[in-house]
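Peer 1: Next come a sequence and a model predicted from it.
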Amino acid sequence: MTAPIMTAPIMTAPIMTAPTSPVWEWSVDVAGNFSDSNRASFEMVGYSPAELIGRSATMVLDPAELKRAEEVTEALGGAVAGWQGVFVEVRHRNGSTVWLQVTIRPRFDTDGNVVGATGTTRLIGPDSEGAAERERVKRRIEKVLAARSLVTTFQPIVGLASDSVIGVESLARFSGDPAISPDQWFADAASVGLGTRLELLAIELALTAAAALPAHLYVSVNASPTTCLNPELAGVIAHSAIDPARIVLELTEHDMVSDYDALISALGTLRRQGVKLAVDDAGSGFSSFQHILRLQPQIIKLDRCIVANLDTSPAGRALCTAVVSFAARIGAHVVAEGIETHAELSAVTEMGMRAGQGFYLGRPSLNPAVWSQWQEDAKATHQVQLAISLFRGGCALGVDRIPLVNAVEVAPARVSNHHVATSALADADLAEAVFEALPDATAVLDRNGTITAANRAWRMFAVDNGGRPEDTGVGVNYLEVCVRAALSGSSDAIEVLSGLRAVLAGTKIESDLEYPCDSPTARRWFSSRVTAMKSPTGGAVASHVNITRRKLAELENQHQPLHDPLTGVTNQVLFRKRLLAQMRRQSACPIRPDVGVIYIRLEGLADVNDKFGYAAGDEVLVVAAHRILVRLGQADTLARLGDERFAICATRTNPAHLTALAYHIAAALAEPQGIHGQQVACRASIGTYLAGPYDTVSSAMLAAEQAMYAVRQEQANQVPA
């Protein structure tokens, strides 16, 4: 056994002891056996000196403590080091845990060999439980720091106009206790003074991992205001594996900023490195318009608490509208966090948010093979690039063509000028023919936004949508067209206008927005794309691409796996997702009303199948689903769980409302329906459960199911009158 001078790790901030506390003085030999002790040992650990001398120190000290002590001793240079105020967890004779503060000094023989140790020990005082817990937390965090045992996952951030990944947020994951969330790890580290060290390590490892990401993606890393004030952060960024211009610093908003001047100065240093700033969790912590105004971030990340069920929350939509408008005024853009449903995605897109993040758009991934799939989406076709490369100024459809000798690559000396000019004109004819035949509505704009060329599909697009070709044709300023549409209240036109201006100004290479454009007879979707022209004269190519087939396929693909094919209501997979979203919303925003689960089992369906056939049983299920749906609120969800079982996620509810809703549904289901000329009725067993703050999806559904079986048993026990 190693000498017990290696009994516990050093505390950086030792707990002060009471002046009146007794001092236990003791000695051990090199084998770790007590060789001396004063009477204070009885008060400290419950053993008299006579009971300790000659016995191993493991009587009171756990071997695991000794093992940790060995590791710390080696790190400090071996057993020759003496310690002041170490923190030791020992076992009292009565079985309880006692925390002691110990000073230890090694004893040496004449040859300099360690032959034992002497120590003095004090009780740490009345705050022993709190101090013990802080020490446990500190040890846990220090172990992570020493081993650098963090892994980085990246969650995609998607451009809502282009539907392509434009950046990622780095998220630290810990290999320790899975019951401790990453947020709790960082909170625990901050509570023992190690928060900045842990955040710096997470940022360093994230930027190292980011070297494997596609080069066009920006990388968001999280940092508290305290970490931003630490000068080491600038060094971590400067020595990272990626260009600082790709780094976005997300300022977490769980702590109040005490000194804005100091924080703004520190952020200024980072911005000069090229780093961009985002305010994280806007709307959930200490974020406010004044806070954002002082920090002037390039990105405002809207918290999940605000985004949740935005499609059905007028108050949430009003707040988001204010944030988007405010962001535009200070030159920032909004990223919606926590998008988990298609309805939420549609809502944030309609409100002009440029980017989004959430499980619906992409989950965090540790896999570099998944990261490599987040590539830029090259949308401009080769034919358009060929046509544009041969147009100059007025060289467009309906406009006189200028000589194109200078527009093509210079020919070798042995080729005559006549041949070059003839070849150029032939290429121009080809380009014009290709441009006119493009199936997508396409126009060429000069640097001022004036249309200099428009193909047939562009002209027909105006006709198909009730407009006149001359209002959007050659010579018309497309910027002004978009301004008029924006002023009429079109949110899509506002987004197109913003992207068009950015491309013409040279701050963006491309802008893309998908939007619905229904005709009187069909549902349609288009993608409005604006791509910068690679020429000294500038300008852009604008097009409207019909993406209806893809959108319908996407909607069908989204619908089929998540809905019951017979009744059309949601299936268990989607139901659990929506119930989880509602329960998260409830816990994140305590002012929200409660969430309830109703579990329904149709009784007698097997008899219908046996008597009339399974087609009749299917008809009963379809009618039952309809009868339930018409009694639900807009935000409620009905699911068929299988066979004769249904479930409802009831929102904005309370116990009385939940009971009344179950009663009305039971009455509706009990009404007979005609099948094969006979009136058939299937009663229902229904159980309800109001979810509590600590419920999970599974526990809430199980509780509702158990309530249903209790009702079913009670009905079975009733004796007919």
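Peer 2: Alright, I've got the coordinates. Residues are numbered from 1 along each chain as shown.

Peer 1: Tell me which residue lies nearest the centroid of the protein.
Peer 2: In the chain, the residue lying closest to the centroid (C-alpha atoms, centre = their mean) is residue 358, at 4.5 Å.

Peer 1: I figured that one hits residue 339, correct?
Peer 2: Yes - with contact defined as C-beta atoms under 8 Å, residue 358 reaches residue 339; the gap is 3.3 Å. Placement of C-beta: from N, CA and C, glycine included.

Peer 1: overlap in contacts of these two?
Peer 2: residue 307 (C-beta atoms under 8 Å, 6 or more residues apart in numbering).

Peer 1: Look at the residue nearest to the centre of the chain and report its pLDDT.
Peer 2: Looking at residue 358, its pLDDT is 90.

Peer 1: Surely it forms part of a strand?
Peer 2: No - read with DSSP: H, G, I helix; E, B strand; the rest coil, residue 358 is coil and lies in no strand.

Peer 1: how close does it sit to residue 364?
Peer 2: 11 Å (C-beta to C-beta, to the nearest Å).

Peer 1: just checking, what packs against the helix or strand containing residue 35?
Peer 2: Following DSSP states H and E, one finds residue 35 within strand 34-37. Applying 3 or more C-beta pairs under 8 Å, 6 or more residues apart in numbering; DSSP states H and E, we find strand 34-37 packed against strand 24-29, helix 49-52.

Peer 1: Apart from its neighbours in sequence, what residue is nearest residue 461?
Peer 2: residue 441 (3.8 Å; C-beta to C-beta, 6 or more residues apart in numbering).

Peer 1: Just to check, that neighbour is in contact with residue 451?
Peer 2: No - checked against C-beta under 8 Å, the pair residue 441 and residue 451 is beyond contact range at 11.8 Å.

Peer 1: Comparing those two, which residue is more hemmed in?
Peer 2: Neighbour comparison, residue 441 and residue 451: the larger count goes to residue 441, with 24 against 20 (by other C-beta atoms under 10 Å).

Peer 1: Give the bridge partners for that one, please.
Peer 2: Applying DSSP bridges to residue 441 gives these bridge partners: residue 544.

Peer 1: Quickly note the distance from it to residue 488.
Peer 2: Taken as C-beta to C-beta, the span from residue 441 to residue 488 is 20 Å.

Peer 1: Over to residue 214?
Peer 2: 39 Å.

Peer 1: Please say which of these two ends up with more neighbours.
Peer 2: residue 214 (13 against 8).

Peer 1: in terms of contact, does that one touch residue 370 like I think?
Peer 2: No - using C-beta under 8 Å, residue 214 is not in contact with residue 370; the gap is 11.3 Å.

Peer 1: is it true that residue 248 lies in a helix?
Peer 2: No - Residue 248 is assigned strand when assessed by three-state DSSP, not a helix.

Peer 1: I'd like the distance between it and residue 359.
Peer 2: For residue 248, the distance to residue 359 - C-beta to C-beta - is 21 Å.

Peer 1: Other residues contacting stretch 474-482?
Peer 2: Stretch 474-482 is contacted from outside by 396-399, 443, 445, 448-454, 470-472, 493, 496-497, 500-501, 504, 542, using C-beta under 8 Å, 6+ apart.

Peer 1: Show the end-to-end separation of it, please.
Peer 2: 15 Å (C-alpha to C-alpha, to the nearest Å).

Peer 1: Show the average pLDDT along that stretch.
Peer 2: Stretch 474-482 carries an average pLDDT of 86.

Peer 1: Please state the offset of that stretch from the chain centre?
Peer 2: 39 Å (C-alpha atoms, centre = their mean, to the nearest Å).

Peer 1: Repeat that for stretch 448-466.
Peer 2: Using C-alpha atoms, centre = their mean, the offset of stretch 448-466 from its chain centre is 40 Å.

Peer 1: Over to stretch 240-252?
Peer 2: Using C-alpha atoms, centre = their mean, the offset of stretch 240-252 from its chain centre is 17 Å.

Peer 1: For that stretch, list every residue counted as buried.
Peer 2: Across stretch 240-252, burial judged by 16 or more other C-beta atoms under 10 Å covers 240, 242, 244, 246, 247, 248, 249, 250, 251, 252.

Peer 1: go on, stretch 54-63?
Peer 2: For stretch 54-63, a neighbour-count test (16+ other C-beta under 10 Å) marks 57, 60, 61 as buried.

Peer 1: With stretch 211-223 instead?
Peer 2: Neighbour counts over stretch 211-223 (16+ other C-beta under 10 Å) mark 213, 217, 218, 219, 220, 221, 222, 223 as buried.

Peer 1: Output it as CSV, nothing but the C-alphas.
Peer 2: Provided in CSV are the C-alpha atoms of stretch 211-223 (Å, rounded to 0.1, in the frame of the first residue of the first chain):
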residue,chain,number,x,y,z
ALA,A,211,-11.9,21.2,-39.3
ALA,A,212,-13.8,18.2,-40.7
LEU,A,213,-16.9,20.3,-41.6
PRO,A,214,-17.6,21.6,-45.2
ALA,A,215,-15.7,24.9,-45.6
HIS,A,216,-18.7,27.0,-46.3
LEU,A,217,-20.4,26.4,-43.0
TYR,A,218,-20.1,28.9,-40.1
VAL,A,219,-19.6,27.4,-36.6
SER,A,220,-21.4,28.7,-33.5
VAL,A,221,-19.8,28.1,-30.1
ASN,A,222,-21.4,28.9,-26.8
ALA,A,223,-19.8,31.2,-24.2
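
Peer 1: Let's verify the residue nearest to residue 597 when sequence neighbours are not counted: helix, strand, or coil?
Peer 2: Distances taken as C-beta to C-beta, 6+ apart place residue 704 nearest to residue 597, at 4.0 Å, with adjacent residues excluded. Under the three-state scheme (three-state DSSP), residue 704 adopts helix.

Peer 1: what about residue 704, distance to residue 321?
Peer 2: Residue 704 is 37 Å from residue 321, by C-beta to C-beta.

Peer 1: So if I had to pick from those two, which one is more boxed in?
Peer 2: For the pair residue 704 and residue 321, the greater number of neighbours falls to residue 704 (23 against 12), based on other C-beta under 10 Å.

Peer 1: give me every residue that touches the more buried one.
Peer 2: 597, 598, 599, 647, 687, 688, 689 are the contacts of residue 704 under C-beta under 8 Å, 6+ apart.

Peer 1: Kindly report the same for residue 249.
Peer 2: Contacts of residue 249 (C-beta under 8 Å, 6+ apart): 220, 221, 223, 228, 267, 270, 275, 276, 277, 278.

Peer 1: ok, how many other residues are close to the spatially closest residue to the fourth one that is not a sequence neighbour?
Peer 2: Taking C-beta to C-beta, 6+ apart as the measure, residue 228 lies nearest to residue 266, with 5.2 Å between them; neighbours along the chain are not counted. Neighbours of residue 266 under the rule other C-beta under 10 Å: 19.

Peer 1: try residue 342
Peer 2: Count around residue 342 with other C-beta under 10 Å applied: 15.

Peer 1: Please apply the same query to residue 196.
Peer 2: By other C-beta under 10 Å, neighbour count at residue 196 equals 19.

Peer 1: repeat for the one 4 residues further on
Peer 2: When neighbours are counted by other C-beta under 10 Å, residue 200 registers 18.

Peer 1: Distance of it relative to residue 655?
Peer 2: Plainly put, residue 200 is 49 Å away from residue 655 if you go by C-beta to C-beta.

Peer 1: now swap in residue 577 and tell me
Peer 2: Distance of residue 577 to residue 655, given as C-beta to C-beta: 25 Å.

Peer 1: So for those two, which residue has more residues nearby?
Peer 2: More neighbours surround residue 577 than the other of residue 577 and residue 655, with 18 against 11 (other C-beta under 10 Å).
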